[in-house]
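Chemist: what follows is a protein structure lacking sequence information:
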């Protein structure tokens, strides 16, 4: 099977010009097929504030009302996605910017919840990814760059978390490619000591993961991130890496293995 | 040669929900290959105002400074383009939203002018359109939906007038397809009497065009629009139509012929 690198970067990388340049160079140099998935939450929050909109949160999750959907459509689908595509093109990477609506690549359903109306938030069901069409684009020499938007097939865009899109693509494409899923974030990897960047744990398997959780080495926000990552591994993704965006071109980081 | 319909709609169509729905249905029903090009100037002006930006104009042309480029990137590339794609998908048209940066489809140069700095405005040189890649997307069953953004290949997006993008695509693709270029605007066609929508001139060739200009039947803003259209005809585009967006599915409108 062919290698497929799926790399996710957060909105913070998009904010730092030097880091973004370096990342784009390293991403372009990756061999084999590749897909980029990006966030953009910081810029979306900034635009919301400029427009005088108040972010609506319930239980720590952003509620996407009609105004918020407009903002993320502008920021994720326009500002972040198209500037990233232009930058990658300048590096020689033949990028094509996409939402899930484009070519019907990722179809989602508006989130159903017994008590909370999350608004225009989409969850991707099994079979929601058109893996054939994505494969066709990549075989044509294109590098898909996905933002955190999907659609419901009935004319509505939906906001879908970028981490989730990356994991969803990885799981859907795992039967067709040898998938390596890399999450880039603001730390060099999973740390033995959260305050010391020199304590990166280079490999974690499911049993070590359980142990690290029991020892409270891994805690808070890292747990849902790693739960997602291990779920991807169980569903056929070969390897999941967690690393700093500056280290895409080297081996520093944490490899999660099944 | 295969038929290729290239249809341009202005920002005003995007503002009217009922009209847009009807247009999307009619566009989806068009046979053969097709490309949609859209503007979005009204929404861009509205966002600029909300953000407290003052539009900069020189000699009636919008100057695109860095702030204005951000606005059009958000509105054209994000809000307008992605909502249009989602709407077309709901109608059964397998749309893919694009800027010129995506897949390096339309490469432009920052406008050079002896006295005016237009800012981030792009002119497309001969050879700037990747007709092969556009053909590949269409043969794969996709319908390209272009907004009014191009790129310079050096990491910068550029603002390029949507009418110009439509004409540029039509001329570039004319050697490969039997191209029909349709400009949709707010009138039912070129009118004998500008105040009477029932006086549509059904066909205009170059000699009648000259006569209508001499008689001042055609004047002001229609002249550059029609000059562009006749230029496209001279450069191999089979037919150019000028009609109301509500009439895409019928024969009401003006056909320009060489």
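Modeler: All right, it came through fine. Keep in mind the model is a prediction, meaning the values are calculated, not measured. Numbers count the residues shown, from 1 in each chain, chains lettered A, B, ... in the order given.

Chemist: pull out the buried residues from stretch A:84-100.
Modeler: For stretch A:84-100, a neighbour-count test (16 or more other CB atoms under 10 Å in any protein chain shown) marks A:84-90, A:93-100 as buried. Just so you know, the C-beta spots here come from the backbone N, C-alpha and C atoms, and that holds for glycine as well.

Chemist: can you check stretch A:200-211 too?
Modeler: By 16+ other CB under 10 Å, the buried positions in stretch A:200-211 come out as A:200-201, A:204, A:208-209.

Chemist: how about low-confidence regions in the stretch 1-150 of chain A?
Modeler: A:60-62 (pLDDT under 70).

Chemist: residues in it within reach of chain B, list them.
Modeler: A:47, A:50-51, A:70, A:73-79, A:81-83, A:85-87, A:89-90, A:94-99, A:101-104, A:133, A:136, A:140, A:142, A:149 (CB under 8 Å from any CB of the partner chain).

Chemist: between the two ends of stretch A:157-177, how far is it?
Modeler: 28 Å (CA to CA, to the nearest Å).

Chemist: wait, does the strand or helix carrying residue A:166 contact chain B?
Modeler: Per DSSP states H and E: residue A:166 is located in helix A:162-173. No: Helix A:162-173 lies out of reach of chain B by CB under 8 Å from any CB, never closer than 14.8 Å.

Chemist: what's that helix packed up against?
Modeler: On a contact count with 3 or more CB pairs under 8 Å, 6 or more residues apart in numbering or on different chains; DSSP states H and E, helix A:162-173 meets strand A:3-9, strand A:33-38, helix A:131-139, strand A:178-185, helix A:222-234.

Chemist: these into TSV, with extra columns for mean neighbour count?
Modeler: Rendered in TSV, the data for the helices and strands packed on helix A:162-173 read as follows (neighbours: other CB atoms under 10 Å in any protein chain shown):
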stretch	mean neighbour count
strand A:3-9	23
strand A:33-38	24
helix A:131-139	17
strand A:178-185	23
helix A:222-234	17
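
Chemist: for residue B:214, find the nearest of those.
Modeler: With respect to residue B:214, and counting by CB to CB, the nearest of the helices and strands packed on helix A:162-173 is helix A:131-139 at 51.3 Å.

Chemist: and that closest one, what does it pack against?
Modeler: By 3+ CB pairs under 8 Å, 6+ apart, helix A:131-139 packs against strand A:33-38, strand A:143-146, helix A:162-173.

Chemist: closest to residue B:14 out of these?
Modeler: strand A:143-146 (24.1 Å).

Chemist: and the contacts of the following helix or strand past that closest one?
Modeler: Reading on from strand A:143-146 to the C-terminus, the next helix or strand found by DSSP H and E is strand A:149-151. Strand A:149-151 has contacts (CB atoms under 8 Å, 6 or more residues apart in numbering or on different chains) with A:72-73, A:76-77, A:99-101, A:104, A:106-108, A:122, A:124, A:128, A:157-160, A:165, B:82, B:85-86, B:89.

Chemist: among the residues you listed, which lie within helices?
Modeler: The helices, defined by DSSP state H, take in A:72, A:165, B:82, B:85-86, B:89 from the contacts of strand A:149-151.

Chemist: out of these, who's nearest residue A:254?
Modeler: Using CB to CB, these come closest to residue A:254 at residue A:165, 21.0 Å.

Chemist: so the helix or strand harbouring residue A:210 versus helix A:222-234, what angle?
Modeler: Assigned by DSSP H and E, residue A:210 belongs to helix A:206-214. In terms of direction (axes from the mean of the first three to the mean of the last three CA atoms, to 10 degrees), helix A:206-214 departs from helix A:222-234 by 170 degrees.

Chemist: helices or strands up against helix A:206-214?
Modeler: So helix A:206-214, by 3+ CB pairs under 8 Å, 6+ apart, packs with helix A:222-234.

Chemist: now tell me what touches the following helix or strand past the helix it packs on from outside.
Modeler: Moving toward the C-terminus from helix A:222-234, the next helix or strand (DSSP H and E) is strand A:239-244. Contact with strand A:239-244 is made by A:170, A:180-190, A:225-226, A:229-230, A:232-233, A:252-257, as judged by CB under 8 Å, 6+ apart.

Chemist: adjacent strands (with direction) for strand A:239-244?
Modeler: Here strand A:239-244 is paired, per DSSP bridges, with strand A:178-185 (parallel), strand A:254-256 (antiparallel).

Chemist: residue A:247: what's it in contact with?
Modeler: So residue A:247 contacts A:188, A:253 (CB under 8 Å, 6+ apart).

Chemist: beta partners for the nearest residue in space to residue A:146 that is not next to it in sequence?
Modeler: Counting by CB to CB, 6 or more residues apart in numbering or on different chains, residue A:146 lies nearest to residue A:37, which is 4.7 Å off, once chain neighbours are set aside. With DSSP bridges as the criterion, residue A:37 is bridged to residue A:8, residue A:146.

Chemist: ok, now how distant is residue A:37 from chain B?
Modeler: 16 Å (CB to the nearest CB, to the nearest Å).

Chemist: that residue against residue A:10, yeah?
Modeler: No: Residue A:37 lies out of contact with residue A:10 (CB atoms under 8 Å); the separation is 10.0 Å.

Chemist: now for these two: what residues contact both?
Modeler: With CB under 8 Å, 6+ apart as the test, residue A:37 and residue A:10 both reach residue A:162.

Chemist: list the contacts for residue A:172?
Modeler: Residue A:172 touches A:128-129, A:131, counting by CB under 8 Å, 6+ apart.

Chemist: farthest pair within the buried residues of stretch A:84-100?
Modeler: Farthest pair in the buried residues of stretch A:84-100, by CB to CB: A:90 and A:100, 25.8 Å.

Chemist: residue A:44 sits in which helix or strand?
Modeler: helix A:41-50.

Chemist: in space, what's closest to whatever residue of the stretch 1-150 of chain A ends up closest to chain B - neighbours in sequence excluded?
Modeler: Proximity of the stretch 1-150 of chain A to chain B (CB to the nearest CB) peaks at residue A:78, 2.4 Å away. Nearest residue to residue A:78, sequence neighbours excluded (CB to CB, 6+ apart): residue B:78, at 2.4 Å.

Chemist: so that neighbour touches residue A:71, yeah?
Modeler: No: applying CB under 8 Å as the test, residue B:78 and residue A:71 come out as separate, 9.5 Å apart.

Chemist: burial measure for the nearest residue to residue A:76 once chain neighbours are set aside, as a count.
Modeler: In this structure, residue A:76 finds its nearest non-sequential neighbour in residue A:147, 4.0 Å apart by CB to CB, 6+ apart. Residues near residue A:147, counting by other CB atoms under 10 Å in any protein chain shown, number 30.

Chemist: same check, this time on residue A:49
Modeler: Neighbour count of residue A:49, defined by other CB under 10 Å: 11.

Chemist: neighbours around the residue of the stretch 1-150 of chain A closest to chain B, how many?
Modeler: 32.
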